[in-house]
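Colleague: structure of the sequence below:
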Amino acid sequence: MMTYRAGDADDVRSHGHRRQELAPEPFGPVPSSRQLAWHELELYGFLHFTVNTFTDREWGYGDESPNLFDPSDFSANQIVETAGQAGMAGLILTGKHHDGFCLWPSRYTDHSVRRSPWRRGEGDIVREISDACAAGGLRFGVYLSPWDRNHADYGRPEYLRYFRNQLEELTSEYGDLFEVWFDGANGGDGYYGGARETRRIDRRTYYDWENTWEIVRRNQPNAVMFSDAGPDIRWVGNEDGIAGDPCWATVTRRGLFPGVDEEAFRTYAAAEMVDAWASPRDLLNQGDPNGEEWLPAECDVSIRPGWFYHTAEDGAVRSADNLFDLYLKSVGRGGSLLLNLPPDRRGRIHETDVDSLRGFRARVDRLFAHELATADPQAPAAVTATSTRGDDPLFGAANLIDGDRDSYWASDEPQADVVLDFGREVDFTTVSLREAIGLGQRVREYAIDVDRGGWKEIARGRSIGSRRLVHGERRRTRRIRLRITESAAPAVLRELGVYLDAGA
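Modeller: Next up is the predicted model:
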């Protein structure tokens, strides 16, 4: 057993090369560098904005006139400032939704802002949001619907050239992107250049995804791509913003395609996967601890009942408490929270939404208001581990509270305990755990105990991954113990944070 205090690791923290040389071998699938960067974002926003905002519809048919698009007081700065004040790390804009109307002056269609009265046809929503994000310190991403109910060639081979041309524009002309978002809605009835008919496509083959994705890889090598099947991050299987519990970062992609397809899943997924999961939605929601690929979950949800702004929904905006609950059930389960903020007909985030977001930000700030392990730098908590890799302080338990993203505690055993001794009685509400996921997701089950004249278990769960937030009632103790009760390989954790919610 080895005991450290937070300052004891200072002399080894600079030796990153030595840590690399002595590090445990990665276990199972591991995230790419772009995925690792994405995991750090945790909370970011969606902007659903198009002609639907002015027709009061969720899905446009494709025959809407560009003349409809005319926000009266558009402010990219107000939108970005609202997101930043809510604690969001970035924004993803619907450059083109299923109706086919483009928020940028695409060179390949007249169905865009170029033909609208807004800015006298000289405007570019994508450019203004991108620039405002850059000025405001937020990341920027784009959504490009594969389905286009306006374009005459949708469903034919010619459309793929059009779709790729637009993807080329968005990924090469608007600065660095952190995410490119591909919706799963593909095919159905539409205007289609005046045909007004139903068109179906084979979602497995029509978009030739491997070659289409290559456009993003070439132009935006650091951007992650989203769809129901990745290739970088996956849908969580619902639009409620709630990850499964557990929610593993790994899955096997066979049988998953952009656009959930129950029949394709049963046909192409491995037999054991079909037997284990009643629906691909269930698999997407929980992941698979034995999955072959790192494909973590993004939890998308709107602050309103709909994805686009509707005046009738001004009284149905999610409360700050509801948003906080979603945060715990998404970010707190190892996923990300993608919260939709639909601009209104002015081209601004509505005041009701702004008030809710302010309350949400205050609620999250209260959650992490009082960090207890290192609150007193003169007397930080003592950290004791029952197992440390090679008995080397480079991998010591003090790394769990040093605030360094690159350091971690590594155990020599699949089962191990860590104890934080505060040296005094403290009140706490929340425990934050993070695995060093660059070495894989290893922990299968954990438990948390408090010392009340003897150890008492207060929480138990499966899966830690990029983050696990265990939040509950206010408790008092001198010591907290984390038990790794089951792990597929010796545990590797980078954080054991203990907090007192200022509102508790």
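
Colleague: so where do the strands sit in the stretch 251-400 of the chain?
Modeller: 293-294, 297-302, 336-340, 370-371, 382-385 (DSSP state E, counting those that start in this stretch).

Colleague: counting by contacts, list what the longest one packs against.
Modeller: Meaning strand 297-302. Counting contacts by 3 or more CB pairs under 8 Å, 6 or more residues apart in numbering; DSSP states H and E, strand 297-302 packs against strand 233-235, helix 320-330, strand 336-340. The way it works is simple: take the backbone N, C-alpha and C, and place the C-beta from them, glycine included.

Colleague: now that strand and strand 336-340, what's the angle there?
Modeller: Strand 297-302 runs at 20 degrees relative to strand 336-340, counting by axes from the mean of the first three to the mean of the last three CA atoms, to 10 degrees.

Colleague: of all the strands of the stretch 251-400 of the chain, which lies closest to residue 264?
Modeller: strand 293-294 (17.4 Å; CB to CB).

Colleague: what about stretch 134-153, average pLDDT?
Modeller: Throughout stretch 134-153, pLDDT has a mean value of 98.

Colleague: from one end of that stretch to the other, what's the distance?
Modeller: Counting by CA to CA, to the nearest Å, you get 35 Å between the two ends of stretch 134-153.

Colleague: chain center to it, what's the gap?
Modeller: 17 Å (CA atoms, centre = their mean, to the nearest Å).

Colleague: could I get the buried residue list for that stretch?
Modeller: For stretch 134-153, a neighbour-count test (16 or more other CB atoms under 10 Å) marks 136, 138-151 as buried.

Colleague: make a markdown table out of the helices and strands packed on strand 297-302 and add mean pLDDT, mean neighbour count and distance to residue 192.
Modeller: A markdown table is the format used below for the helices and strands packed on strand 297-302 (pLDDT from 0 to 100; neighbours: other CB atoms under 10 Å; distance: least, CB to CB, whole Å):
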| stretch | mean pLDDT | mean neighbour count | distance to residue 192 |
| --- | --- | --- | --- |
| strand 233-235 | 96 | 25 | 26 |
| helix 320-330 | 98 | 20 | 37 |
| strand 336-340 | 98 | 25 | 27 |
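
Colleague: tabulate the CA atom coordinates of the helix or strand where residue 493 lies in CSV.
Modeller: Taking DSSP states H and E as the definition, residue 493 sits inside strand 492-500. Provided in CSV are the C-alpha atoms of strand 492-500 (Å, rounded to 0.1, in the frame of the first residue of the first chain):
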residue,chain,number,x,y,z
VAL,A,492,-6.3,3.4,-15.1
LEU,A,493,-8.0,6.5,-13.7
ARG,A,494,-7.2,10.2,-14.0
GLU,A,495,-9.7,11.8,-11.7
LEU,A,496,-11.4,11.2,-8.4
GLY,A,497,-13.0,14.5,-7.6
VAL,A,498,-15.2,15.2,-4.6
TYR,A,499,-17.5,18.2,-4.5
LEU,A,500,-20.1,19.9,-2.3
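
Colleague: parallel or antiparallel, which strands does that strand pair with?
Modeller: Here strand 492-500 is paired, per DSSP bridges, with strand 370-371 (antiparallel), strand 409-410 (antiparallel), strand 416-435 (antiparallel).

Colleague: report pLDDT for residue 283.
Modeller: 92.

Colleague: with residue 36 instead?
Modeller: Listed pLDDT for residue 36 reads 98.

Colleague: skipping its backbone neighbours, what lies nearest the residue nearest the centre of the chain in space?
Modeller: Nearest residue to the geometric centre of the chain (CA atoms, centre = their mean): residue 336, 2.5 Å. Distances taken as CB to CB, 6 or more residues apart in numbering place residue 298 nearest to residue 336, at 5.0 Å, with adjacent residues excluded.
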